[in-house]
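S.K.: Compute the structure for the input listed below.
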Amino acid sequence: MTPRMLGCIAGVLLAVGSSEVTAQSLAALARQEKSRRAELAKKAEGDSNEKKAYTNADLRGGGRLTTGIAAPPPSNPTEPATADESADAVATPADEDSWRNRVSAVRQAQQRGELMAEALQNRVDTLWTDFTSRDDPAQRAVLEQDREAAVDELADTQRQLDDLTQEFEDIRTEARRANVPPGWLR
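M.R.: You can find the predicted model right below:
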């Protein structure tokens, strides 16, 4: 048998076999999804009223893997809190949404900065190409001034990107000290 003949036979068998299978209707699927979402909403309303405090025993129980994050040593109540510790306690967001918002704001600013840096680098390169292809000293002087301004702006953008990278690292360090789950920062 030729490969073409085998392909035809396989196609016919698939067509005959698939006619036996019935698909769930779209309306039934939509009703099922609607009821699932309603149950989730009811569960979320019930969960929002009661708060659960997780302890180390909860993390270690049941034979499940733990995260491996060590709890910070308890502070001595007789020692007054330093200014850094009290500022961290006040400024540290407590819920997942606030951590995610902080991280996403920094990441979006980084993406905008990287896009701006790429555009400025392209402009610098284009101005350099124009500068080298001109013979007129007056035109070259204007192009050189534009290129120097673009280079300065590119340097400022790079400094802002460095600051944003440092800010992101500071958020990660702060989250690590506050025992925030790593998934909240993704």
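
S.K.: now the protein, which segments are flagged as low pLDDT?
M.R.: Low-confidence segments of the chain, defined by pLDDT under 70: 1, 17-24, 46-52, 57-93.

S.K.: how about the helices in it?
M.R.: Listed in chain order, the helices of the chain (DSSP state H) span 3-18, 26-49, 56-60, 83-91, 96-133, 137-177.

S.K.: Just to check, Arg172 is in contact with Pro182?
M.R.: No - using CB atoms under 8 Å, Arg172 is not in contact with Pro182, being 9.1 Å away. Every C-beta, even on glycine, is put in place using the N, C-alpha and C of the backbone.

S.K.: So these two - more neighbours on which side?
M.R.: Set side by side, Arg172 and Pro182 show more neighbours around Arg172, with 14 against 11, by other CB atoms under 10 Å.

S.K.: excluding its backbone neighbours, what's nearest that one?
M.R.: Leu185 (6.4 Å; CB to CB, 6 or more residues apart in numbering).

S.K.: and that neighbour, what does it touch?
M.R.: Taking CB atoms under 8 Å, 6 or more residues apart in numbering as the contact definition, Leu185 lies against Trp99, Arg100, Val103, Ile171, Arg172, Ala175.
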